[in-house]
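> predicted structure and sequence below. I'll ask about it afterward.
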Amino acid sequence: SQKIEQNSEALNIQEGKTATLTCNYTNYSPAYLQWYRQDPGRGPVFLLLIRENEKEKRKERLKVTFDTTLKQSLFHITASQPADSATYLCALDDNSNTGKLIFGQGTTLQVKP
Amino acid sequence: NAGVTQTPKFQVLKTGQSMTLQCAQDMNHEYMSWYRQDPGMGLRLIHYSVGAGITDQGEVPNGYNVSRSTTEDFPLRLLSAAPSQTSVYFCASSDRGRNRYGYTFGSGTRLTVV
């Protein structure tokens, strides 16, 4: 069956370090993958999108990689700050050209000062 | 631009009652979706629409109906509420031609069924 997995355990890191979050998927062939940030009590907010033919995408302190052979995406936050503390969700389209997105369960990041 | 507006923000229903969760967007987006979010389960797709008059089922459609009579509105109807439908519901929209820019989410409706 189709599955998207993110590390369910919270990631705790020290301010200034690089946070790396993982998204693995099985039985999908997505055209693109997206990352969202969600704060408690709020809706998800779009951060980055990477297409299947792109290896890496950057936006300010954020970097996303996409390995379609490993079926994995890595999400990096460099020089992390306490304000980066949130839950991060990855989402795949199902390549049906309907815009339908399937989400992972999210990983909570806690950045300590 | 208001973005995606969901109403109400909070709702308590009794088992068996029906209600409609409202969702409206003012960005002329063609794609709209409804998700529910439960602890440890992530966001699960209930129903989605690729344009006015076109809807389809997602991963967990049972007990819910949708319609899309206009581009702007995508209401979600609970036919006969059950405690298992206690959840946080999110509506989201995206531009079809530019879906590469991601979905815009509403602030959610927290529903409790007793």
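Yes, it's here.
> pLDDT score assigned to the nearest residue to residue B:36 once chain neighbours are set aside?
Nearest in space to residue B:36, with sequence neighbours left out and distances taken as C-beta to C-beta, 6 or more residues apart in numbering or on different chains, is residue B:87 at 4.3 Å. Using the backbone N, CA and C atoms, a C-beta is placed for each residue, glycine as well. pLDDT, residue B:87: 97.
> ok, residue B:87 - contacts?
Taking C-beta atoms under 8 Å, 6 or more residues apart in numbering or on different chains, we find residue B:87 in contact with B:36, B:37, B:38, B:111.
> nearest to chain A, of the residues you listed?
Ranked by distance to chain A (C-beta to the nearest C-beta), these are led by residue B:37 at 8.8 Å.
> what does chain A put close to chain B?
A:8, A:32, A:34, A:36, A:41-47, A:49, A:51, A:89, A:91, A:93, A:98-106 (C-beta under 8 Å from any C-beta of the partner chain).
> how many neighbours does residue B:11 have?
17 (other C-beta atoms under 10 Å in any protein chain shown).
> which pLDDT value goes with it?
The model's pLDDT for residue B:11 equals 97.
> now, the residues of chain A next to chain B that are in strands?
Mapping the residues of chain A next to chain B onto strands (DSSP state E) picks out A:32, A:34, A:36, A:45-47, A:49, A:51, A:89, A:91, A:93, A:101-103.
> Throw those residues into JSON lines and include distance to residue B:67, thanks.
Listed next are those as JSON lines, based on distance: C-beta to C-beta, whole Å:
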{"residue": "A:32", "distance to residue B:67": "29"}
{"residue": "A:34", "distance to residue B:67": "27"}
{"residue": "A:36", "distance to residue B:67": "27"}
{"residue": "A:45", "distance to residue B:67": "27"}
{"residue": "A:46", "distance to residue B:67": "26"}
{"residue": "A:47", "distance to residue B:67": "31"}
{"residue": "A:49", "distance to residue B:67": "29"}
{"residue": "A:51", "distance to residue B:67": "33"}
{"residue": "A:89", "distance to residue B:67": "28"}
{"residue": "A:91", "distance to residue B:67": "25"}
{"residue": "A:93", "distance to residue B:67": "24"}
{"residue": "A:101", "distance to residue B:67": "21"}
{"residue": "A:102", "distance to residue B:67": "23"}
{"residue": "A:103", "distance to residue B:67": "24"}
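> in PyMOL, select just the buried ones from the residues you listed.
Applying 16 or more other C-beta atoms under 10 Å in any protein chain shown to those, the buried members can be selected in PyMOL as follows:
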select buried, chain A and resi 32+34+36+46+47+49+89+91+93+101+102+103
